[in-house]
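Asker: need the 3D shape of this:
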Amino acid sequence: MVTAQNDASAPPKLPFYRSLYFRVLVAIAAGALLGWWRPTWGVALQPLGELFVRLVKMVIAPVVFCTVTVGIAAMGDLKRVGSVGAKALLYFEVLTTFALGLGLVIVEWIKPGAGVHANASRLDTRALSGYVEQAQRHKPGLAGVVEQLVPEHFVGALAKGDVLQVLVLAVLFGTALASLKDRGKPMVEWIERATETLFAMVSIVMKFAPVGAFGAMAFTVGKFGVGTLANLAGLMGTFYLTSALFVLLVLAPILRVVGGLDPWRFFLYLRDEFLLVLGTSSSESALPGLMTKLERLGCARPVVGLVVPTGYSFNLDGTSIYLTMAAMFVAQATDTHLVLSQKLSLLGVLLLTSKGAAAVSGGGFVTLAATLSATGDIPVAGLALLLGIDRFMSEARALTNLAGNSVATVVISRWEGALDQETARRVLAGERDATSETRPTS
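Answerer: A predicted model of the protein is given here:
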């Protein structure tokens with residue numbers, strides 16, 4: 001059952017020119033223009049984007065820990081915790097498998113790498129050395145996830161900012177508090193107050209979002225240039241098209257049929273988060289805001305606390321599409337012929353490696369290098385062809401990942417009977433009252 005409580009902290013509706021999404025949009029445009037007009041200036045502004053992302057990452061670990069801990073403790077029924085987790089993992093596996101398959105089918109149909117005829121032995125692979133070293137140090141797939149699943153000590157996960165480890169720690173801590181029942185209430189109340197303080201910190205950090213988006217976009221365009229887009233426009237266009245098709249033809253119908261919500265209004269409701277991800281190329285930058293908005297939408301806090309952080313490790317739809325398309329592009333560009341059994345083998349390996357992508361510094365590119373090294377069918381040196389555009393493709397990956405995780409939370413909430421649809425429809429229709437916002441707690 002979904003219950004609600006008044007939340008007077010909800011921000012009042014602002015004029016569009018003072019809203020976050022408008023300021024971020026202007027910042028992205030200004031950064032792109034500066035990077036094009038003065039590339040050296042754009043490259044010099046990289047620290048602005050990195051500073052904002054680091055500020056957000058600084059609060060993600062404690063936000064996830066407190067939110068998940070309180071959510072599990074509030075559930076009380078540990079069977080329900082297992083039910084939410086099992087449904088979420090099953091949903092994640094089905095959707096990411098479909099995303100991998102969709103990427104493989106479309107890249108084989110359009111063949112953006114055909115005609116490149118790159119000689120892998122003559123490619124300059126010096127820039128790849130760092131990615132390959134990371135891939136060799138990191139165990140691919142489930143082995144890598146298991147290796148990083150349990151922190152060495154209690155504060156280790158919080159210190160490293162590893163979302164997966166923080167999630168495991170929070171589940172254990174929340175389960176322990178739930179087992180204490182009344183004796184655990186003082187600690188739960190203290191963590192709830194800490195959560196409010198952390199979200200107040202997030203509100204302060206988000207004021208710098210336009211600055212971070214400006215710096216990140218100026219660096220991207222200044223460093224790689226718009227010419228990079230033209231050089232590999234075939235792959236770029238195919239990947240963006242596939243990601244858009246996945247959102248429109250897969251996620252949107254699921255949201256409408258299973259979640260019972262209007263997809264257009266839902267994604268418009270999350271426009272601040274999408275623009276933030278577009279500017280920073282990092283879906284993590286939108287995690288705190290996404291959790292807050294999904295709670296305001298009518299999703300129960302415990303479900304949001306479990307599904308969203310778990311999805312950031314296991315429900316990477318955009319990364320899954322990228323991995324198959326990039327791997328097959330390299331094969332096509334280097335004239336590497338793959339028979340059906342090799343393609344299916346590649347797909348099987350990616351089913352595992354894609355689940356470890358969030359645990360690797362460098363994300364999808366490092367995971368791709370690890371996958372190609374593991375299969376041995378496609379030359380790893382061919383990844384040098386993708387270095388120039390990977391930054392631009394990371395934006396589409398992050399946007400699709402964000403869309404997938406937001407839809408997943410609504411779907412799991414609906415399955416659990418933890419979605420207040422009346423509140424959701426009212427919020428999406430823009431009828432929410434800023435002084436009496438409803439926020440589900442159980």
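Asker: which stretches of the stretch 1-150 of the chain form helices?
Answerer: 20-37, 39-44, 46-75, 78-110, 129-137, 141-147 (DSSP state H, counting those that start in this stretch).
Asker: closest one to Arg183 among the ones you listed?
Answerer: Evaluated with C-beta to C-beta, these place helix 46-75 nearest to Arg183, the distance being 11.6 Å. No exception for glycine: its C-beta is placed from N, CA and C like everyone else's.
Asker: could you dump stretch 278-291 to PDB, C-alpha only?
Answerer: Taking Å, rounded to 0.1, in the frame of the first residue of the first chain, the C-alpha atoms of stretch 278-291 are listed here in PDB:
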ATOM      1  CA  LEU A 278      23.400  15.500 -22.100                       C
ATOM      2  CA  GLY A 279      25.700  18.300 -20.800                       C
ATOM      3  CA  THR A 280      27.900  16.100 -18.600                       C
ATOM      4  CA  SER A 281      27.800  12.800 -20.500                       C
ATOM      5  CA  SER A 282      27.300  11.100 -17.100                       C
ATOM      6  CA  SER A 283      24.000   9.500 -16.000                       C
ATOM      7  CA  GLU A 284      25.400   9.600 -12.400                       C
ATOM      8  CA  SER A 285      25.000  13.300 -12.300                       C
ATOM      9  CA  ALA A 286      21.200  12.900 -12.500                       C
ATOM     10  CA  LEU A 287      20.900  10.100  -9.900                       C
ATOM     11  CA  PRO A 288      19.900  12.200  -6.800                       C
ATOM     12  CA  GLY A 289      17.400  14.300  -8.800                       C
ATOM     13  CA  LEU A 290      15.900  11.200 -10.500                       C
ATOM     14  CA  MET A 291      15.300   9.500  -7.200                       C
END
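Asker: would you pull up how far that stretch lies from the middle of the chain?
Answerer: 7 Å (C-alpha atoms, centre = their mean, to the nearest Å).
Asker: got a list of contacts for stretch 262-278?
Answerer: Residues outside stretch 262-278 that contact it (C-beta atoms under 8 Å, 6 or more residues apart in numbering) are 19-21, 24-25, 28, 209, 213, 251-253, 255-256, 283, 285-286, 289-290, 293, 297, 395, 398-399, 402-403, 406-407, 410, 427-429.
Asker: between the helices of the stretch 1-150 of the chain, which one is nearest to Ala384?
Answerer: It's helix 129-137; of these, that one is closest to Ala384 (C-beta to C-beta) at 10.0 Å.
Asker: tell me the most buried of the helices of the stretch 1-150 of the chain?
Answerer: helix 46-75 (a mean of 21; mean count of other C-beta atoms under 10 Å).
Asker: how much space is there between Glu196 and Glu189?
Answerer: Distance, Glu196 to Glu189, by C-beta to C-beta, to the nearest Å: 11 Å.
Asker: sorry, that was for Pro112
Answerer: On the measure of C-beta to C-beta, Pro112 and Glu189 end up 56 Å apart.
Asker: neighbour count for the two, which is higher?
Answerer: Pro112 (21 against 11; other C-beta atoms under 10 Å).
Asker: and for the nearest residue to the more buried one once chain neighbours are set aside, the neighbour number?
Answerer: Leaving aside its chain neighbours, Pro112 sits nearest to Gly234 (3.6 Å; criterion: C-beta to C-beta, 6 or more residues apart in numbering). Other residues near Gly234 number 18, with proximity taken as other C-beta under 10 Å.
Asker: same deal with Leu316?
Answerer: 31.
Asker: do Ala159 as well
Answerer: 12.
Asker: list the buried residues of the helix or strand harbouring it.
Answerer: Following DSSP states H and E, one finds Ala159 within helix 156-160. Buried residues in helix 156-160, defined by neighbour count with 16 or more other C-beta atoms under 10 Å: Ala157, Leu158.
Asker: can you tell me what sits against that helix?
Answerer: For helix 156-160, using C-beta under 8 Å, 6+ apart, the contacting residues are Ala61, Pro62, Phe65, Pro151, Gln165, Val166, Val168, Leu169.
Asker: just stretch 167-177 next, same as before
Answerer: By C-beta under 8 Å, 6+ apart, stretch 167-177 touches 64-73, 78, 81, 149-151, 154, 157-158, 184, 187-188, 305-306, 309-310, 313.
Asker: just the helices in the stretch 151-300 of the chain please.
Answerer: Using DSSP H, counting those that start in this stretch, helices in the stretch 151-300 of the chain cover 156-160, 163-180, 185-206, 209-231, 233-246, 252-254, 263-269, 271-280, 287-297.
Asker: pLDDT on the fourth one, on average?
Answerer: Along helix 209-231, the predicted confidence averages to a pLDDT of 72.
Asker: ditto for the second one
Answerer: Confidence for helix 163-180, expressed as mean pLDDT, is 79.
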